[in-house]
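1. just to be clear, the model below is a prediction. Sequence and coordinates:
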Amino acid sequence: MNIVSTVRRIAPDAHQRTIVLIWAFWAIALISFQAISVERVRLERPDYAVSWSEWETDANNNADKPYLSDRFMNQQVAWDSEYYLGIAVGGYDDPLAGTATDPDTGKEIPRNYSFFPGYPALINLLAWPLYIFNITAIARATLAGMIITLLGTLGGMFALDYLVRRTYAKAKQRSDEATSIAIRTLTYLLVFPGALFFAQVYTEGLFIGTALGAIALAYRGRWGFAALLAGLAALTRAHGVLTVIPLAIIWWTSGGSAQLKLLASGKGAATLRTRLTALLPVFAILLPIVVHLLWRTSTLGEGWARLQDFYFGRGYLSILETVGSWIVGGAYAFTHGHEALVTFLLDRAAIFLALAASIALLRRREWAIGAFSLALVVASGLSGDHQSTIRYMAVVPALPIWLAGIGRRAWFDRVWVIGCVLLLGLLALLFSRDFWVA
């Protein structure tokens, strides 16, 4: 009887099964579309969507890139996938990655230093049991990367579902309405064009799983696990350090500071356990900062910062560089055809939508998610280079939450979902094989 009760307690309920089914259907549909479409569609070369896509879409562009040339799940690897797979298989100093010359010092820096270690480390770890399959090391890493990305996306969906349902429960609205809004939010998350990267060898899936998971666990008072996920988020992307913002807000609004003051005053009986319990949230809040600083001051982190500066044109709150990049990008878009103009406008639309969504949540006093989302928008939008914004905005939780609220109007629901599915399909097609755009 105890075993039966335990199984019933841990078995997913109907709502959770619905989330898994939505995730599974989306992943199968997207990956299948990528596999089938490239066999039926031949796109014209070269592409001028961005300044570098002319040579990236050359038929022989990947000839000297072994990590992007393996035939296994080749539609799910492109661009930065080369670095994640390279670090996982060959390490940061892998000679196959090549180097970039620092213009200030003349020093050669391995290009693998451009990315954080969390995702490649997990790929390397998961690749070990995959030795049972008779496939190449790159194929094992690709499969491991896809598993991690997809499971991270599923974890992020469960966390986002909890956050949405929590908000509606707090407002004392009907549970069926909360469930409806939560499902709509998850659907909007997955149909947003940038959600393509939640099913590729990229960090977006792992990031939403760790960052949103940390926030959801903090709300539930599970600060130890929240610290673990926040630390992993900080090792996954530079933006992971921003999890300090929602965790601090959750702790402060739940009376954490008052509890610390009470312990400091010495009033009442405080055991070692109660003291540690009171300090655990502080540890969880500070951990992402500590992890980021340890990385940033390491040799790898120093190389990362230099490459972000001179190789990728990015940095912390690079306002002047951002303005200049927008101007140059706009000039390029208006002089290089419709593909360049559409790419530029989609990126701009994504950032303005995410900004509006973040402000809307703050106005609704959803402080933790709203502030975290705004920080993500500002950090990404003012990082320098204007490109890839639609991908960066895909991880902003305020965006699907806000749009799901608007989506209660039937006409908006249909227009948004259909429009985004078409754009998502187009981006998936362009990402596949060796025909890439930004």
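-> Perfect, thanks for sending it.
2. any regions of the stretch 151-300 of the chain where pLDDT drops low?
-> Applying pLDDT under 70 to the predicted model, the residue ranges of the stretch 151-300 of the chain that meet it are 170-174, 262-272.
3. endpoints of stretch 53-71, how far apart?
-> Stretch 53-71 has an end-to-end distance of 22 Å (Cα to Cα, to the nearest Å).
4. buried residues, that stretch. List them.
-> Within stretch 53-71, the residues that qualify as buried by neighbour count (16 or more other Cβ atoms under 10 Å) are 53, 56, 57, 61, 62, 65, 66, 67, 68, 70. C-beta here means a position set from N, CA and C on the backbone, and glycine is covered the same way.
5. residues in contact with the spatially most central residue of the chain?
-> The structure's the chain has its C-alpha centroid closest to residue 204; by Cα atoms, centre = their mean the separation is 2.5 Å. If a contact means Cβ atoms under 8 Å, 6 or more residues apart in numbering, then residue 204 has 149, 153, 194, 197, 198, 391, 394, 395 as its contacts.
6. in helices, which of those residues appear?
-> Restricting the contacts of residue 204 to those inside helices, with DSSP state H as the criterion, leaves 149, 153, 391.
7. chain neighbours aside, what residue packs nearest to residue 250?
-> On the basis of Cβ to Cβ, 6 or more residues apart in numbering, the spatially nearest residue to residue 250 that is not a chain neighbour turns out to be residue 218, at 4.6 Å.
8. same question, residue 200
-> Across the structure, with Cβ to Cβ, 6+ apart as the measure, the residue nearest residue 200 apart from its sequence neighbours is residue 76 (4.9 Å).
9. would you mind confirming that the one you found makes contact with residue 202?
-> No. Using Cβ atoms under 8 Å, residue 76 and residue 202 do not qualify as a contacting pair, with a distance of 9.0 Å.
10. so which bits of stretch 308-318 are buried?
-> Counting neighbours by 16+ other Cβ under 10 Å, one finds that the buried residues in stretch 308-318 are 308, 309, 311, 312, 313, 314, 315, 318.
11. just send the residues you listed back as JSON lines, with distance to residue 184, pLDDT and secondary structure too.
-> Rendered in JSON lines, the data for the buried residues of stretch 308-318 read as follows (distance: Cβ to Cβ, whole Å; pLDDT from 0 to 100; DSSP: H, G, I helix; E, B strand; the rest coil):
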{"residue": "308", "distance to residue 184": "36", "pLDDT": "93", "secondary structure": "helix"}
{"residue": "309", "distance to residue 184": "41", "pLDDT": "93", "secondary structure": "helix"}
{"residue": "311", "distance to residue 184": "40", "pLDDT": "92", "secondary structure": "coil"}
{"residue": "312", "distance to residue 184": "35", "pLDDT": "90", "secondary structure": "coil"}
{"residue": "313", "distance to residue 184": "37", "pLDDT": "89", "secondary structure": "coil"}
{"residue": "314", "distance to residue 184": "34", "pLDDT": "89", "secondary structure": "strand"}
{"residue": "315", "distance to residue 184": "37", "pLDDT": "87", "secondary structure": "coil"}
{"residue": "318", "distance to residue 184": "36", "pLDDT": "87", "secondary structure": "coil"}
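12. now for those: which two are most distant?
-> 311 and 318 (14.0 Å; Cβ to Cβ).
13. what's the closest of the buried residues of stretch 53-71 to residue 83?
-> Each of the buried residues of stretch 53-71 was scored against residue 83 by Cβ to Cβ, and residue 67 proved nearest at 8.2 Å.
14. measure the closest one to residue 386 for me?
-> Counting by Cβ to Cβ, to the nearest Å, the separation of residue 67 from residue 386 is 27 Å.
15. go on, residue 186?
-> Shown here: residue 186 relative to residue 386, a distance of 29 Å by Cβ to Cβ.
16. which of those two has more residues huddled nearby?
-> The residue with more neighbours, out of residue 186 and residue 386 and counting by other Cβ atoms under 10 Å, is residue 386; that gives 26 against 23.
17. secondary structure class of that one, three-state.
-> State at residue 386, reduced to three classes by DSSP: H, G, I helix; E, B strand; the rest coil: coil.
18. which residues does it contact?
-> Contacts of residue 386 by Cβ under 8 Å, 6+ apart are 322, 325, 326, 328, 329, 344, 347.
19. the same query, at a cut-off of 10 Å, please.
-> With contacts defined as Cβ atoms under 10 Å, 6 or more residues apart in numbering, residue 386 is in contact with 50, 313, 321-330, 332-333, 344, 347-348, 351, 438.
20. could I have the CA atoms of the helix or strand containing residue 416 written out in CSV?
-> Taking DSSP states H and E as the definition, one finds residue 416 inside helix 410-431. As requested, C-alpha coordinates have been extracted for helix 410-431 and formatted as CSV (Å, rounded to 0.1, in the frame of the first residue of the first chain):
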residue,chain,number,x,y,z
ALA,A,410,-9.6,34.9,-29.8
TRP,A,411,-8.5,36.9,-32.8
PHE,A,412,-5.1,37.7,-31.3
ASP,A,413,-4.6,34.1,-30.3
ARG,A,414,-5.1,32.9,-33.9
VAL,A,415,-3.1,35.6,-35.6
TRP,A,416,-0.1,35.4,-33.2
VAL,A,417,0.1,31.6,-33.2
ILE,A,418,-0.3,31.2,-37.0
GLY,A,419,2.1,34.0,-37.7
CYS,A,420,4.8,32.8,-35.3
VAL,A,421,4.5,29.2,-36.5
LEU,A,422,5.1,30.4,-40.1
LEU,A,423,8.2,32.4,-39.0
LEU,A,424,9.4,29.6,-36.8
GLY,A,425,9.2,27.2,-39.8
LEU,A,426,11.1,29.7,-42.0
LEU,A,427,13.8,30.1,-39.4
ALA,A,428,14.0,26.3,-39.0
LEU,A,429,14.4,25.9,-42.7
LEU,A,430,17.2,28.5,-42.9
PHE,A,431,19.0,27.0,-39.9
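21. what residues sit buried inside it?
-> Neighbour counts using 16+ other Cβ under 10 Å place 413, 416-417, 420, 423-431 of helix 410-431 among the buried residues.
22. again with stretch 392-412
-> In stretch 392-412, residues buried by neighbour count (16+ other Cβ under 10 Å) are 392-405, 407.
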